[in-house]
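Asker: Output the structure for:
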Amino acid sequence: MGVHDQMKFIILFGPQAVGKMTVGQHLAELTDFKLFHNHMSIDLVSQFFDYGTPSGKRLVNLIRHEIFEEVSKSDLPGLIFTYVWAFDLQDDWDYVKRISEMFESRGGTVYFVELEAELDERMRRNKAANRLEHKPTKRNVEKSERDLLRTLEAHRLNSYPGEIAKENYLKINNSDLEPGIVAQMIKDQFGFDGKDKGQA
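Answerer: Residues are numbered from 1 along each chain as shown. Here you go, the predicted model:
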């Protein structure tokens, strides 16, 4: 029956507070895809170990890996995964390649969606109610602002033009766009099925 050839894996990436989770929530509503935002694993593990520690990192990676493993073998229509990709770190490139291959090896298709927004807009979104509701570790806004600025100085969190040479790639500057609009753009660009269709 080839259920896996319908699996769609969307990697939704960009800097902190650019709106990945919120766009992902809207995209999940427009489609039948599941949303796995990166804080689901981080916030679970952070109740035991800080994400910065070896134990914290190991558990987060373990949880993500097992979820990817099961979803890539399932007949779910798709998975949206949000990720902060540091383009200056080879480890991050390797990680994206590894998780992409997990889906591709089972007949799935990987889609790369990059969001970018002005820093002042991201600082504003960092305090947004939806973000704080779904991400307990970001509720100390002063700390998350410091983290946001520190990461910005330390790493490059958006790609250079032409750097991502993928067929299914879309980059959106969503500084002035509502998340629902951005989700619709993604759905239209890649021709994803809507909620009531694609059940064949």
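
Asker: Nearest the middle, which residue of the protein would you pick?
Answerer: residue 82 (1.1 Å; Cα atoms, centre = their mean).

Asker: so what secondary structure elements neighbour the lowest-mean-pLDDT helix or strand in the chain?
Answerer: Ranked by mean pLDDT, DSSP states H and E, the weakest helix or strand in the chain is helix 129-134, scoring a mean of 79. For helix 129-134, the elements it packs on are helix 20-30, judged by 3 or more Cβ pairs under 8 Å, 6 or more residues apart in numbering; DSSP states H and E. Glycine gets a C-beta too; all of them are placed from N, C-alpha and C.

Asker: what's in contact with the helix it packs on?
Answerer: 10, 12-14, 33-35, 37, 39, 80, 82-83, 115, 128, 130-131, 134-135, 174, 179-180, 182-184, 186-187, 192, 194-195 (Cβ atoms under 8 Å, 6 or more residues apart in numbering).

Asker: Count the residues that sit near residue 35.
Answerer: Residue 35 has 22 neighbouring residues, counting by other Cβ atoms under 10 Å.

Asker: Show me what the mean pLDDT comes to for the host helix or strand of it.
Answerer: Residue 35 is part of strand 34-36, with elements assigned from DSSP states H and E. In this model, strand 34-36 has an average pLDDT of 97.

Asker: swap in stretch 52-67?
Answerer: 94.

Asker: mind listing the helices in the chain by residue range?
Answerer: 20-30, 38-45, 54-73, 90-104, 119-125, 129-134, 141-154, 179-190 (DSSP state H).

Asker: Could you dump the ones you listed into a markdown table with mean neighbour count added?
Answerer: Formatted as a markdown table, the helices of the chain follow (neighbours: other Cβ atoms under 10 Å):
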| stretch | mean neighbour count |
| --- | --- |
| helix 20-30 | 22 |
| helix 38-45 | 19 |
| helix 54-73 | 15 |
| helix 90-104 | 15 |
| helix 119-125 | 15 |
| helix 129-134 | 13 |
| helix 141-154 | 13 |
| helix 179-190 | 17 |
